[in-house]
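Novice: need a 3D model of the sequence below.
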Amino acid sequence: MNKDSRIFVAGHRGMVGSAIVRQLEALGHQNIITRTSSEVDLMNQSAVNAFFQEEQPEYVFLAAAKVGGIHANNVFRADFLYNNLMIEANVIKAAHDLKVKKLLFLGSSCIYPKFAEQPLKEESLLTGALEPTNEPYAIAKIAGIKLCEAYWDQFGDQFISAMPTNLYGPNDNYDLQTSHVLPALLRKFHQAKIDGDTTVECWGSGSPLREFLHVDDLAEACVFLMKAYNEKQFVNVGTGTDLSIKALAEMIQDVVGFEGSIVWNTDKPDGTPRKLMDVSKINQLGWRHQIDLRNGIEQVYQDFLQLELS
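Specialist: Numbering: from 1, shown residues only. Prediction:
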C-alpha cells in the first residue's frame with residue numbers, strides 16, 4: 001500500500017473509520033476515498049457496484065456497520081443482523097468483482113462463545129453458544145469473517161479480518177440508549193456531576209470483566225495489518241489486559257470528578273462474564289497497543305467536554 005494508493009474507508013464518519021482516516025493521513029496517504037451513507041447506500045448492491053466501478057479502489061477498510069450497546073443489540077435484533085449482513089456482503093463482493101488488491105474487514109470480540117476459554121483465542125470461534133443479547137450482531141460479523149475466508153479459498157482474494165476488543169475514543173456515541181459501556185458511564189457521571197446528584201445508577205453487578213482499546217491504537221493496528229499481514233485467519237486486536245466494570249466505573253468517576261456514590265441495578269443484564277482477547281498473534285507480528293486506559297479516558301473526557309460546549 002503506497003502513499004498514492006487508492007484507499008476506500010467504508011464508515012469514515014464512525015469512530016473506527018474516522019480513526020483509520022486520521023492514521024492514514026498522518027502516514028502521508030493522499031488518495032483516501034470516502035462516502036457518506038447518503039452519497040452511497042452500502043445496503044444497496046447496485047449503488048455499491050456503481051461506486052466501486054467509478055472509484056476503482058485498490059485497498060478497502062470495511063469499518064461501516066450498525067453498532068450499539070447491550071440495550072440496542074437486544075432490542076433492534078433484526079436491524080443489527082440484516083443491516084450488517086447487507087453492508088459487508090455488498091462491499092466484499094464488489095471488492096472481489098473489481099479485483100481490489102486487499103480488503104480488511106472489522107469484526108468484534110462478541111463473535112466468540114459466551115463461555116469460551118479466556119483469554120479468547122482466534123481458534124475459539126464457533127466452539128460454543130453466543131451471548132444471547134448480541135447474537136444477531138455477532139452472527140453478522142461471523143458471516144463477514146467467513147465470507148472473507150471463502151473468497152480467499154475460492155479465488156485467492158487477499159481479504160483479511162481483524163477482531164477488536166471493546167473500543168473507545170474520539171467520535172464515540174454518548175447516547176445512553178444506544179452507546180457502549182465506557183461512553184455511557186462517562187456521560188452518566190458527567191451529567192450527575194453537572195446536576196449535583198448524589199448517586200449514579202449503573203447496570204448489572206459490576207462484576208463482568210472487560211478489555212478496552214483506544215480507537216487510535218486500533219487504527220494503527222489496522223494499517224499495520226493491511227501492510228504486513230497476509231494470512232486467511234482473522235487476528236485479535238486488543239491490549240491483553242482487562243478490568244471489572246466496577247473498577248472501570250470508579251476510574252471514570254475519578255476522571256470526571258463525581259463525588260457521589262454508585263448504585264448497582266442488578267435487575268439489568270451483565271452480559272458475557274468476561275471478554276479478554278489473546279493478542280499473542282498480533283504481538284508476535286510486531287504490533288502492541290500504546291495508549292494506557294486511564295490516559296485514554298482522560299483524553300476522551302476532554303473531547304467530550306468540547307462536544308458539550310460546541
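Novice: check which element follows the helix or strand hosting residue 225 along the chain.
Specialist: Secondary structure from DSSP states H and E places residue 225 in helix 215-228. Sequence-wise, the next helix or strand downstream of helix 215-228 (DSSP H and E) is strand 235-237.
Novice: averaged pLDDT, the helix or strand that that next one is followed by. What do you get?
Specialist: The first helix or strand that comes after strand 235-237 along the chain, using DSSP H and E, is strand 243-244. Here strand 243-244 scores 97 as its mean pLDDT.
Novice: on contacts alone, who are the packing partners of strand 243-244?
Specialist: Packing partners of strand 243-244 (3 or more Cβ pairs under 8 Å, 6 or more residues apart in numbering; DSSP states H and E): strand 209-210. The way it works is simple: take the backbone N, C-alpha and C, and place the C-beta from them, glycine included.
Novice: paired strands for the strand it packs on, with orientation please.
Specialist: strand 243-244 (antiparallel), strand 274-275 (parallel) (DSSP bridges).
Novice: pick the most buried one from these.
Specialist: Ranked by mean neighbour count, the strands paired with strand 209-210 are led by strand 274-275 with a mean of 20 (mean count of other Cβ atoms under 10 Å).
Novice: now do the buried residues in the following helix or strand past it.
Specialist: Of the helices and strands lying after strand 274-275 in sequence (DSSP H and E), the nearest is helix 280-285. For helix 280-285, burial by neighbour count (16 or more other Cβ atoms under 10 Å) applies to 281-282.
Novice: same check on stretch 230-241?
Specialist: Buried, per 16+ other Cβ under 10 Å, within stretch 230-241: 234-240.
Novice: export that stretch to CSV, keeping only CA atoms.
Specialist: Only the C-alpha atoms of stretch 230-241 are listed here, as CSV (Å, rounded to 0.1, in the frame of the first residue of the first chain):
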residue,chain,number,x,y,z
ASN,A,230,-1.2,-11.9,4.6
GLU,A,231,-3.0,-14.9,6.1
LYS,A,232,-6.6,-16.1,5.9
GLN,A,233,-7.2,-16.4,9.6
PHE,A,234,-8.6,-13.3,11.4
VAL,A,235,-6.5,-11.5,14.0
ASN,A,236,-7.5,-10.4,17.5
VAL,A,237,-6.6,-6.7,18.3
GLY,A,238,-6.6,-5.6,22.0
THR,A,239,-4.5,-4.8,25.0
GLY,A,240,-4.4,-8.3,26.6
THR,A,241,-5.5,-6.9,30.0
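Novice: just to revisit the earlier point, by contact count, what packs against the helix holding residue 225?
Specialist: helix 15-26, strand 59-62, strand 102-106, strand 159-164, strand 166-168, strand 235-237, helix 280-285.
Novice: would you turn those into CSV with distance to residue 40?
Specialist: Putting the helices and strands packed on helix 215-228 into CSV (distance: least, Cβ to Cβ, whole Å) gives the following:
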stretch, distance to residue 40
helix 15-26, 13
strand 59-62, 13
strand 102-106, 16
strand 159-164, 20
strand 166-168, 24
strand 235-237, 27
helix 280-285, 31
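Novice: return the distance of residue 210 relative to residue 249.
Specialist: According to Cβ to Cβ, to the nearest Å, residue 210 and residue 249 sit 11 Å apart.
Novice: in three-state terms, label residue 201 for me.
Specialist: Following DSSP: H, G, I helix; E, B strand; the rest coil, we place residue 201 in the strand state.
Novice: okay but it is in contact with residue 261, surely?
Specialist: No: assessed by Cβ atoms under 8 Å, residue 201 is found out of contact with residue 261, at 10.5 Å.
Novice: contacts for stretch 278-294, please.
Specialist: The list of residues contacting stretch 278-294 from outside it, by Cβ atoms under 8 Å, 6 or more residues apart in numbering, reads 119-122, 212-214, 216-217, 220-221, 224-225, 228-229, 235-240, 243, 251, 255, 299.
Novice: stretch 200-209 now?
Specialist: If you take Cβ under 8 Å, 6+ apart as the criterion, stretch 200-209 is touched by 70, 185, 188-189, 192, 242-246, 249, 253, 258, 260-266, 268-276.
Novice: give the contact list for residue 139.
Specialist: Applying Cβ under 8 Å, 6+ apart, the residues near residue 139 are 81, 130.
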